[in-house]
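S.K.: predicted model follows, preceded by the sequence.
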2 protein chains.
Amino acid sequence: MSSPIELSTEDKIKQAAKELFLKHGFVGTKTRDIALAAGINLALLNYYFRSKEKLLHIIIIETLSALFDTLEIIIKDPETSFRKKVELMVDAYLNTLESQPEIPTFILNEVRRDPKILVESLKIKHRLEGSSFVFQWFEFANDNKIPPQYFIHILVNLMSLTAFPFVAKPMMSEIFTMQNEDFKIFIDQRRKWIPIWFDAIIQSFKHNYSE
Amino acid sequence: MSSPIELSTEDKIKQAAKELFLKHGFVGTKTRDIALAAGINLALLNYYFRSKEKLLHIIIIETLSALFDTLEIIIKDPETSFRKKVELMVDAYLNTLESQPEIPTFILNEVRRDPKILVESLKIKHRLEGSSFVFQWFEFANDNKIPPQYFIHILVNLMSLTAFPFVAKPMMSEIFTMQNEDFKIFIDQRRKWIPIWFDAIIQSFKHNYSE
DNA sequence: GTCAAATTTAAACAAATGATTAAAAATATT
DNA sequence: AATATTTTTAATCATTTGTTTAAATTTGAC
């Protein structure tokens, strides 16, 4: 099929580990499965990465850093509107998830298993602080007398609408007898609609806030 | 503290198993942990339930059937409006999740691990079919020239906004340094807002549908 | 009270699993 | 070519884990 160039042992392990960690999670992946999939001797995993856990940390960082870098650029740009940022974020996010749909389930489960990986490996909080995106929200909230701390609902709603379908994919596939083809169509519909829905959500704050 | 009445061995096992399955998932829970937490001899687990897997199926059914029964009653009632049904569903769902916040992560992971449990144990599809809720959506979709098959987006959006925060709780707690207290406040805010946001989403179909 | 059935216990089994070791093989250095 | 270094291999360790077994204990029927 392909692979005319032989990967280094290290890369063969990482490639196999990433696929298996994403598919079955950390506990569900056995070091022997990784060795088998990578076509290497079991002991080489520990030789190159010391432990299964250390290998996981490397996979997490390598899997998410590209996406996070992209998102950071989008939310920091002072030239684009809040609305446009949402559109770009949804697009970037869905592009990544369309090729690696297991990412949300994987990362949510691993963070739950060991919350430290969030602080140590990725610095989401730091990336968010002082971004144009946050500033623009504060401006909108202030103009419309909405509590600015509702920002967390904004963020969670955006993540929910975008990422949740991927977490729920196995359940959806079963209930609605969806094939991968159908799921792709479904996601591409959401690519267009999520920014519209999100707009509607934002606007609904204006008319319904009281107290 | 409590428990003046001694539970039966069977119930002690189920109680311990439920707590551990919800907290650590099926693979993360060891039969010896269950036995220890239940204060029973390890062999009794197999004596009463045959296997860890059979025990899981029982826990899943017992954990979800009450909620599903409630939701089924709500969506079947022809007297309530679509809007009112959403409000009641969100309320019922959040009430259950507030006392058992691990349910979404648990059920999504177990369905992913073994999709059969959905068909065998719970019959979501069957419960949904022919309900007043579906009929009311079709009516609305028809009146506003929206493709009726967008119902799946409706359902997923509702699930996303309601359930996703619980799946993402460990991540949220870390990023926003939230305590359980803060999370409860956060959820109670959503109890009011989700129906409003959902309304806004529904209405946004009217103005943005084309093609 | 006796006996059969149900329940509980301690011990063990067999397989799986993350990691290590020591020797062999391949590669690089001089 | 000789030697040192790096990489790879097969074998083994020490735990962990789901389940089973056989004996002991308790409970219920008569």
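M.R.: Thanks, I have it.
S.K.: next one: residue A:95 from residue A:167, what distance?
M.R.: 18 Å (Cβ to Cβ, to the nearest Å). Backbone N, C-alpha and C define where each C-beta goes, glycine included.
S.K.: the two - which one has more neighbours?
M.R.: residue A:167 (29 against 13; other Cβ atoms under 10 Å in any protein chain shown).
S.K.: tell me the contacts of that one?
M.R.: The neighbours of residue A:167, taking Cβ atoms under 8 Å, 6 or more residues apart in numbering or on different chains as the test, are A:104-105, A:108, B:108, B:164, B:167.
S.K.: which two in those are spaced the farthest apart?
M.R.: Within the contacts of residue A:167, A:105 and B:164 form the most distant pair, 12.0 Å apart (Cβ to Cβ).
S.K.: out of the helices and strands in chain A, which is least certain?
M.R.: helix A:116-121 (a mean of 75; mean pLDDT, DSSP states H and E).
S.K.: for the most centrally placed residue in chain A, phi and psi?
M.R.: Centre of chain A computed as the mean C-alpha position; nearest residue by Cα atoms, centre = their mean is residue A:104, 5.1 Å away. Note on residue A:104: its backbone torsions stand at phi -60, psi -50 [degrees, to the nearest 10].
S.K.: so it sits right up against residue A:165, yeah?
M.R.: No: the pair residue A:104 and residue A:165 does not pass the contact test of Cβ atoms under 8 Å, sitting 9.0 Å apart.
S.K.: per-residue pLDDT of the closest residue to residue A:59 other than its chain neighbours, please?
M.R.: Excluding the flanking residues, the one nearest residue A:59 by Cβ to Cβ, 6 or more residues apart in numbering or on different chains is residue A:18, at 5.0 Å. On pLDDT, residue A:18 comes in at 97.
S.K.: which helix or which strand is home to residue A:18?
M.R.: Taking DSSP states H and E as the definition, residue A:18 sits inside helix A:9-28.
S.K.: what's the answer for residue A:158, then?
M.R.: helix A:151-167.
S.K.: who are the contact partners of residue A:134?
M.R.: Counting by Cβ under 8 Å, 6+ apart, residue A:134 has contacts A:75, A:128, A:151.
S.K.: correct me, but the first one touches residue A:135?
M.R.: No: distance between residue A:75 and residue A:135: 9.9 Å, which falls outside the contact criterion (Cβ under 8 Å).
S.K.: ok, those two, which is more surrounded?
M.R.: Between residue A:75 and residue A:135, counted using other Cβ under 10 Å, the more crowded position is residue A:75 (20 against 13).
S.K.: relative to DNA strand D, how far out is the closest residue to the more buried one other than its chain neighbours?
M.R.: The shortest distance from residue A:75 to any non-neighbouring residue, by Cβ to Cβ, 6+ apart, is to residue A:133 (3.8 Å). Distance from residue A:133 to DNA strand D, counting by Cβ to the nearest atom of the strand, to the nearest Å: 43 Å.
S.K.: for residue A:186, same thing?
M.R.: 35 Å.
S.K.: distance of residue A:102 relative to chain B?
M.R.: The gap separating residue A:102 from chain B is 9 Å, by Cβ to the nearest Cβ, to the nearest Å.
S.K.: hmm, back to that, just give me the closest of the contacts of residue A:134 to DNA strand D.
M.R.: Closest approach to DNA strand D among those (Cβ to the nearest atom of the strand): residue A:128, at 36.7 Å.
S.K.: test my guess that the closest one contacts residue A:75.
M.R.: Yes: contact criterion Cβ under 8 Å: residue A:128 and residue A:75 qualify, at 7.3 Å.
S.K.: establish whether the biggest helix by length in chain A and chain B are in contact.
M.R.: The longest helix of chain A (DSSP state H) is helix A:180-208. Yes: interface with chain B: helix A:180-208 contributes A:186, A:189-190, A:193, A:196-197, A:199-201, A:203-204, A:208 (Cβ under 8 Å from any Cβ of the partner chain).
S.K.: give me the buried subset of those residues.
M.R.: A:186, A:190, A:193, A:196-197, A:199-201, A:204 (16 or more other Cβ atoms under 10 Å in any protein chain shown).
S.K.: can the residues you listed go into a markdown table with extra columns for pLDDT and distance to residue B:71?
M.R.: Listed next are these as a markdown table, based on pLDDT from 0 to 100; distance: Cβ to Cβ, whole Å:
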| residue | pLDDT | distance to residue B:71 |
| --- | --- | --- |
| A:186 | 97 | 23 |
| A:190 | 97 | 24 |
| A:193 | 96 | 25 |
| A:196 | 96 | 27 |
| A:197 | 97 | 23 |
| A:199 | 94 | 29 |
| A:200 | 95 | 25 |
| A:201 | 95 | 23 |
| A:204 | 92 | 24 |
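S.K.: and of the residues you listed, the nearest to residue A:175?
M.R.: Out of these, the member with the shortest distance to residue A:175 (by Cβ to Cβ) is residue A:186, at 12.7 Å.
S.K.: report the separation between the closest residue to residue A:176 other than its chain neighbours and residue A:161.
M.R.: Nearest residue to residue A:176, sequence neighbours excluded (Cβ to Cβ, 6+ apart): residue B:152, at 6.1 Å. Shown here: residue B:152 relative to residue A:161, a distance of 14 Å by Cβ to Cβ.
S.K.: understood, closing this out.
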